[in-house]
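**Student:** Build me a model:
(chains A and B)
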Amino acid sequence: EVQLLESGGGLVQPGGSLRLSCAASGFTFSSYGMSWVRQAPGKGLEWVSAISARADSTNYADSVKGRFTISRDSSKDTLYLQMTSLRADDTAVYFCAKPSSASGRYYPYDVWGQGTQVTVSA
Amino acid sequence: DIQMTQSPSTLSASVGDRVTITCRASQSISSSLAWYQQKPGKAPKLLIEKASSLETGVPSRFSGSGSGTEFTLTISSLQPDDFATYYCQQYNSYSRAFGQGTKVEIK
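**Tutor:** Next up, the predicted model:
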């Protein structure tokens, strides 16, 4: 069964840092570009960041550029999101997501994790 | 960046109703459009990709259409399990923006 399991969320003070992890199983992780998507309380979905299968390309939403870093360790089938200079408006559930195809360009997300809550508050 | 605009934001309907949700892109995205269903406290579920291609296991009462900048999601006969929030997403460019969502409520 294809699964994604996020961890690392929690309560952090403004200006603090947090690293999220997403453990993948049931598919060839190294073949897929992966993404992070977040959802603030009562709000819609916001694409956050993506990384290519070989980790040679990364993209970020303007709202997190310069503060968040996406990375992956294909030897551990794990995706990461390093978050620094956190702000109150970063409070959200963070999902990792797998695209429906591994073959080039961009695809929608057919597998999602259950999400991990990040709360930024003093 | 490409912006996605959904309408309406909220839709009140009854079981058996035909429901249509619209999604507009700020520039052409060809057919690189997906629709998701999300229920409270759950991750989104992919319903449709390539604007009109139904995912395996998704009931045939769901359908999608459109290309370029204007797209629609139609539920032909609303069922109790369909009350949820629906999102469109473009994947023509790296930003993969989502629409703001349409909540389908019980009338």
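**Student:** ok now do B:Lys107, which residues does it touch?
**Tutor:** Residues counted as contacts of B:Lys107 (CB atoms under 8 Å, 6 or more residues apart in numbering or on different chains) are B:Ser12, B:Ala13, B:Ser14, B:Asp17. Any C-beta I mention is one placed from the backbone N, CA and C, and that applies to glycine too.
**Student:** no, scratch that, I was asking about B:Ser67
**Tutor:** B:Ser67 is in contact with B:Ser30, B:Ser31, B:Ala51, counting by CB under 8 Å, 6+ apart.
**Student:** Which residue, neighbours along the chain excluded, lies closest to the second one?
**Tutor:** In this structure, B:Ser31 finds its nearest non-sequential neighbour in B:Ala51, 4.2 Å apart by CB to CB, 6 or more residues apart in numbering or on different chains.
**Student:** And for the one you found, the neighbour number?
**Tutor:** By the criterion of other CB atoms under 10 Å in any protein chain shown, B:Ala51 has 22 neighbours.
**Student:** which secondary structure element contains it?
**Tutor:** Taking DSSP states H and E as the definition, one finds B:Ala51 inside no helix or strand.
**Student:** before we move on, the earlier item: just the buried ones among the contacts of B:Lys107, please.
**Tutor:** Buried members of the contacts of B:Lys107, scored by 16 or more other CB atoms under 10 Å in any protein chain shown, are B:Ala13.
**Student:** possible to save the contacts of B:Lys107 as CSV with distance to chain A?
**Tutor:** Listed next are the contacts of B:Lys107 as CSV, based on distance: CB to the nearest CB, whole Å:
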residue, distance to chain A
B:Ser12, 19
B:Ala13, 20
B:Ser14, 25
B:Asp17, 23
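**Student:** Next step: the contacts of B:Lys107 restricted to strands.
**Tutor:** Mapping the contacts of B:Lys107 onto strands (DSSP state E) picks out B:Ser12, B:Ala13.
**Student:** Closest one to A:Ser31 out of the contacts of B:Lys107, please.
**Tutor:** Comparing the contacts of B:Lys107 against A:Ser31 with CB to CB places B:Ala13 closest, at 40.9 Å.
**Student:** ok, that closest one touching B:Val19?
**Tutor:** Yes - the pair B:Ala13 / B:Val19 is scored as a contact, 5.3 Å apart, by CB atoms under 8 Å.
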